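Asks: show me the folded form of this:
(2 chains)
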Amino acid sequence: MQDSLDEVIQTEGSAEALIVPEHKNASANDAEIELSPPELSHQPLPHRSLPEVTVFEPEGIELDPARRRELPILPSFYGATRVVLQVRDPFWMHAYWEIAEDMANSLRRQLGEELDRSNLTLRVHDVTGIAFDGSNSVGSFDKQVHPFAGNWYIDVKQADRSYCVDLGLVTSTSQFYLIARSNTVHTPRVSPSPIVDEEWLTIREIDMLHRPSLSPSSPGIHVVARAEEHAREVALGSGGVGAVGSPMVGLGEAHQPARHFWLRADAELIVHGSTEPGAKVEICGMPMPVGPDGSFSVRLALPLGDHPVDIFATSADRIMHRGISWIVSRAIRENGRS
Amino acid sequence: MSTPLGYLAIVLHAHLPFVRHADGEHYLEEKWFYEALIETYIPLYMILSRLADEGVPYRITISVSPTLLSMFHDSLLQTRFSTYVNNLIELADREVVRTRWLPQFNEIAQMYRDRFQSAQDIYWNRLGGDMTVGLRELSASGCVELITTAATHGYLPLMEVCPEAARAQIHAGVDYFRQVFGFSPKGFWLPECGYFPGIDRYLKEAGINYFFTDSHGVLNASVRPRYGVYSPVYCRSGVAALGRDMESSKQVWSAQEGYPGDYDYREFYRDIGHELDWESIKPLMGNSPVRMQTGLKYYRVTGNTDHKEPYVRQWAVEKAATHAGNFVFNRERQVEYLASVMDRKPIIVAPYDAELFGHWWFEGPEFLDYVIRKIAYDQNTIALATPSDYLMLYPRNQVTTPSMSSWGYMGYSEVWLADCNNWIYRHLHTMAWRMTELARSYPHPQPELTQRALAQAARELLLAQSSDWAFIMKARTCVGYAKKRVETHVARFLRLYDEIKASTIDPRWLAEIEEKTNLFPNIDYTVYAGSQASL
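Replies: Predicted coordinates:
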């Protein structure tokens, strides 16, 4: 694993290597990361020349190959230099980025050979309560990221904070070259708010005023206390709360996984025959469909025991009758192989 | 009837992604829609309309996603559904014959035959093949409050960087509801209960009065909500947020502790599609070379064992009644307690995926039937209410800002932003930004062809955003299909974008993809231009 990563870095150790060959399922945080050989074509693939997709193959199912057509291939990136930050949960954010060719070239010009000694880095700024100007963050830390990752998960210690990330290069002399600045996000709280200045309004009042009006002291303390417990459970993911959201398997067909070797067998009896076209046939008293050629057929589950089978045919003019009767048995064979 | 001490708001959320494929009948994903119709939507309609016909007083809230409404409306899917049910009826007929010497199974086979026949009968003879007719009827009965959700069930918290796209999901969802039902929805189901502060402003702008969050969305609101989730709160925009009650959810939802796992209920996984010989079930398998479920299942849960006993309908229905009694009893105790610590009547919000009832939990519709009857006739402590009813009763509510949250695993965005699906946002966001660029560069009016291409671009973006695709990739059920759906809609959008900008729109291709995605016929792409209600 590590070998292949090193190889990629060595063979592609140029400014161009910074251009992210987006690999869909690869995430740097994924233990099973697999990097395909990077394709450093800088032009988005010409989707227009590709045939339109019309056939979806359900997973694991082969359709008639003649009906299968090539799928559209999405561009790996869109030619803009940007980093986008999203909130995953109170303690994790996700960033994805893209470095356009002109930016890569410009970095190469500015940094020269230093570029190869620099590390692509996400500088995570805590910008809670401030208008971030690039230097006034409340605190910051660096995440060195793999140049080909294209996206990264970022863990933070504190919930309910605002964050912004700068994507940049950290040189061997610890200088930071900014490549792109992300949007600002705010992570959610993990517990009830300590702020209890209540404001009670009707919609009309909200629409008209927006003026706070304090309410009398709270009798609802128990309600929240109980609620707090739930909130903790949700935050910690303990117990079955996680399962509450989506308890069952998804939309598709699901099988119970077999936990051990098993064998299941059953038997059916097929009774089939034919008579004059147009005749009526009953088997065990049940009317049977008779084909235009006079043939009939029925499947019957065959449990253990003796089963009488009565086949009875009546001619189309109801004058003639014929019957056949059997006993069909199914029994456990003593001394069978088991 | 004396005045209740508190209220229970049952909310059913019905959604399926748009899985209509006009170009062939081999798309197994369409089966999701047919199964949901025959196992959930039709049975729920039958139970709710019968309750209304009998004059049983009840109020529940049902959200139906616009993608599902579009499929309800679609004549091609209606016809295909009919074929699907006919095949089921034939299979059940053969099963009634086949199980002649297995009396326990024979009874069940007859049950299925009767169910399928009456579903087919009601579907055509009472609803004319269009489920929206049934929904309109339930709404007109005064018992059901219909609400809407985002146009294609896009997960809104991951649209924070392209808020115009979130706004469009909301407006398109509300607009389509209005087109189908002829009135405006009061409530909005946030897909996956995904909320982030500020999204309520778009709901307000779209005329929405209330929405739902998971428990911690309201509990962790700042300022702290005095009554927790047991009373709505107002966002600063003036839209009410109602938080899910964990206790009632767990009783019904939880795979371990919940009712659906009871030993008398029908076992979901033992289906004759996996058990009979291939020839017998082949007609139900369409073009599929592999076995799938048919919906005919003969066993009960039995226990934590591989050995399953035959299903006994009567026991299962009796158990549903017992569980309904237990559920109502627990809500009564809950309301008694809450009412004792609150200076207003509490409301317990109990939202469920509609498909839990009937599809996953076969006896779910009967359970709901009993719950409604027991609340109406067997007690006076609680009453059913919709959020609108409650807000009418208590128009003054605490003002606060709910916390970003969802009802997915771990309560935030982990499911939809995981290693296996995070690649989609690079595309979805770029599409959204480009759509906004288009909406601003091409205001009304435009030449007809341009206008259509812009509308189609909006449709492709919406379809790519369905939360289902990311969810499926995460759940690893039909990953190939979900990926291809995202790729297809992205690719079409990108081509449309280029063609619109270069004035080289291919009318033949446009007509082709319009036919394939025949939903939201009146979509207004200019909604992507954004508005004053910025986030």
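
Asks: quick check: what element follows the lowest-mean-pLDDT helix or strand in chain A along the chain?
Replies: Lowest on mean pLDDT, DSSP states H and E among the helices and strands of chain A sits helix A:241-245, with a mean of 32. As assigned by DSSP states H and E, the chain's next helix or strand after helix A:241-245 is strand A:268-274.

Asks: how many residues are close by the nearest residue to B:Arg266 once chain neighbours are set aside?
Replies: Leaving aside its sequence neighbours, B:Arg266 sits nearest to B:Phe362 (Cβ to Cβ, 6 or more residues apart in numbering or on different chains; 4.0 Å). Yep, even glycine has a C-beta here, placed from its N, CA and C like the rest. By other Cβ atoms under 10 Å in any protein chain shown, the residues close to B:Phe362 number 23.

Asks: kindly report the same for B:Leu69.
Replies: 24.

Asks: quick one, what contacts the residue nearest to it when sequence neighbours are not counted?
Replies: Nearest residue to B:Leu69, sequence neighbours excluded (Cβ to Cβ, 6+ apart): B:Val180, at 5.4 Å. The neighbourhood of B:Val180, defined by Cβ atoms under 8 Å, 6 or more residues apart in numbering or on different chains, consists of B:Leu69, B:His73, B:Thr132.

Asks: how much space between the first one and chain A?
Replies: According to Cβ to the nearest Cβ, to the nearest Å, B:Leu69 stands 18 Å off from chain A.

Asks: hang on, isn't that residue packed against B:Thr132?
Replies: Yes. With contact defined as Cβ atoms under 8 Å, B:Leu69 reaches B:Thr132; the gap is 6.0 Å.

Asks: doesn't A:Tyr163 belong to a strand?
Replies: Yes. Under DSSP: H, G, I helix; E, B strand; the rest coil, A:Tyr163 falls within a strand.

Asks: any idea what it is bridged to?
Replies: Applying DSSP bridges to A:Tyr163 gives these bridge partners: A:Asp126, A:Val185.

Asks: check it and give its pLDDT.
Replies: Listed pLDDT for A:Tyr163 reads 97.

Asks: isn't it up against A:Arg88?
Replies: No. Here A:Tyr163 does not reach A:Arg88: they are 11.9 Å apart, not a contact under Cβ under 8 Å.

Asks: residue ranges with poor pLDDT in the stretch 151-300 of chain A?
Replies: Applying pLDDT under 70 to the stretch 151-300 of chain A picks out residues A:209-259.

Asks: can you pull out the strands in it?
Replies: For the stretch 151-300 of chain A, applying DSSP state E, counting those that start in this stretch gives strands covering A:151-155, A:162-170, A:176-181, A:185-186, A:200-202, A:268-274, A:280-283, A:286-288, A:295-301.

Asks: quick check: neighbours of the fifth one in the sheet, parallel or antiparallel?
Replies: What it means is strand A:200-202. Strand pairing for strand A:200-202, using DSSP bridges, gives strand B:396-399 (antiparallel).

Asks: same question, the first one
Replies: Sheet pairing of strand A:151-155 (DSSP bridges) gives strand A:92-98 (antiparallel).

Asks: put the alpha carbons of the strand it pairs with into PDB.
Replies: C-alpha atoms of strand A:92-98 as PDB (Å, rounded to 0.1, in the frame of the first residue of the first chain):
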ATOM      1  CA  TRP A  92     -15.800  16.000  12.000                       C
ATOM      2  CA  MET A  93     -15.800  18.100   8.900                       C
ATOM      3  CA  HIS A  94     -15.000  17.100   5.300                       C
ATOM      4  CA  ALA A  95     -13.100  19.100   2.800                       C
ATOM      5  CA  TYR A  96     -12.700  18.500  -0.900                       C
ATOM      6  CA  TRP A  97     -10.600  20.600  -3.300                       C
ATOM      7  CA  GLU A  98      -9.400  21.100  -6.700                       C
END
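
Asks: what is the burial count for B:Pro445?
Replies: For B:Pro445, using other Cβ under 10 Å, the count is 8.

Asks: so what's B:Val96 scoring on pLDDT?
Replies: We note a pLDDT of 95 for B:Val96 in this prediction.

Asks: returning to that earlier point: need the contact list for the residue nearest to B:Arg266.
Replies: By Cβ under 8 Å, 6+ apart, the contact list for B:Phe362 reads B:Glu39, B:Tyr265, B:Arg266, B:Phe268, B:Lys297, B:Ala316.

Asks: dump those residues to a markdown table, plus pLDDT, neighbour count and secondary structure.
Replies: Output for the contacts of B:Phe362, formatted as a markdown table (pLDDT from 0 to 100; neighbours: other Cβ atoms under 10 Å in any protein chain shown; DSSP: H, G, I helix; E, B strand; the rest coil):
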| residue | pLDDT | neighbour count | secondary structure |
| --- | --- | --- | --- |
| B:Glu39 | 96 | 21 | helix |
| B:Tyr265 | 96 | 23 | coil |
| B:Arg266 | 96 | 19 | strand |
| B:Phe268 | 92 | 19 | coil |
| B:Lys297 | 95 | 22 | coil |
| B:Ala316 | 97 | 20 | helix |
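
Asks: ok, which pair from those residues is furthest apart?
Replies: Farthest apart among the contacts of B:Phe362 by Cβ to Cβ are B:Glu39 and B:Ala316. That separation is 14.7 Å.

Asks: what does the one helix or strand B:Glu145 maps to contact?
Replies: Using DSSP H and E, B:Glu145 sits in strand B:144-149. With Cβ under 8 Å, 6+ apart as the test, strand B:144-149 has contacts from B:13, B:15, B:48, B:59-66, B:135, B:138-139, B:173-174, B:176-177, B:181, B:185-191, B:386-388.

Asks: out of those, who's near chain A?
Replies: Restricting the contacts of strand B:144-149 to those within reach of chain A (Cβ under 8 Å from any Cβ of the partner chain) leaves nothing.

Asks: which ones among those residues map onto strands?
Replies: Secondary structure defined by DSSP state E assigns B:His13, B:Ile60, B:Thr61, B:Ile62, B:Ser63, B:Val64, B:Gly187, B:Phe188, B:Trp189 of the contacts of strand B:144-149 to strands.

Asks: alpha carbons of stretch A:120-128, in PDB - could you do that?
Replies: Provided in PDB are the C-alpha atoms of stretch A:120-128 (Å, rounded to 0.1, in the frame of the first residue of the first chain):
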ATOM      1  CA  LEU A 120      -0.100  20.200   0.700                       C
ATOM      2  CA  THR A 121      -1.800  21.300   3.800                       C
ATOM      3  CA  LEU A 122      -5.200  22.200   5.200                       C
ATOM      4  CA  ARG A 123      -4.800  25.000   7.700                       C
ATOM      5  CA  VAL A 124      -8.000  24.800   9.800                       C
ATOM      6  CA  HIS A 125      -9.000  28.100  11.400                       C
ATOM      7  CA  ASP A 126     -11.400  28.500  14.200                       C
ATOM      8  CA  VAL A 127     -13.300  31.600  13.200                       C
ATOM      9  CA  THR A 128     -16.000  31.500  15.800                       C
END
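
Asks: returning to what we had before: how far does the strand holding B:Glu145 sit from its chain's centre?
Replies: Relative to the centre of its chain, strand B:144-149 is centred 11 Å away, using Cα atoms, centre = their mean, to the nearest Å.

Asks: do stretch B:461-473 as well
Replies: How far stretch B:461-473 lies from its chain's middle: 14 Å, per Cα atoms, centre = their mean.

Asks: please save the CA atoms from it in CSV.
Replies: Output of stretch B:461-473 as CSV, limited to C-alpha atoms (Å, rounded to 0.1, in the frame of the first residue of the first chain):
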residue,chain,number,x,y,z
LEU,B,461,-29.9,18.6,-11.0
LEU,B,462,-32.8,17.8,-8.7
LEU,B,463,-32.7,14.1,-9.7
ALA,B,464,-29.0,13.8,-9.0
GLN,B,465,-29.6,15.2,-5.6
SER,B,466,-32.0,12.5,-4.2
SER,B,467,-30.7,11.5,-0.8
ASP,B,468,-31.4,7.9,-1.8
TRP,B,469,-28.3,7.6,-4.0
ALA,B,470,-25.9,8.5,-1.3
PHE,B,471,-27.8,6.3,1.1
ILE,B,472,-27.8,3.3,-1.2
MET,B,473,-24.0,3.7,-1.7
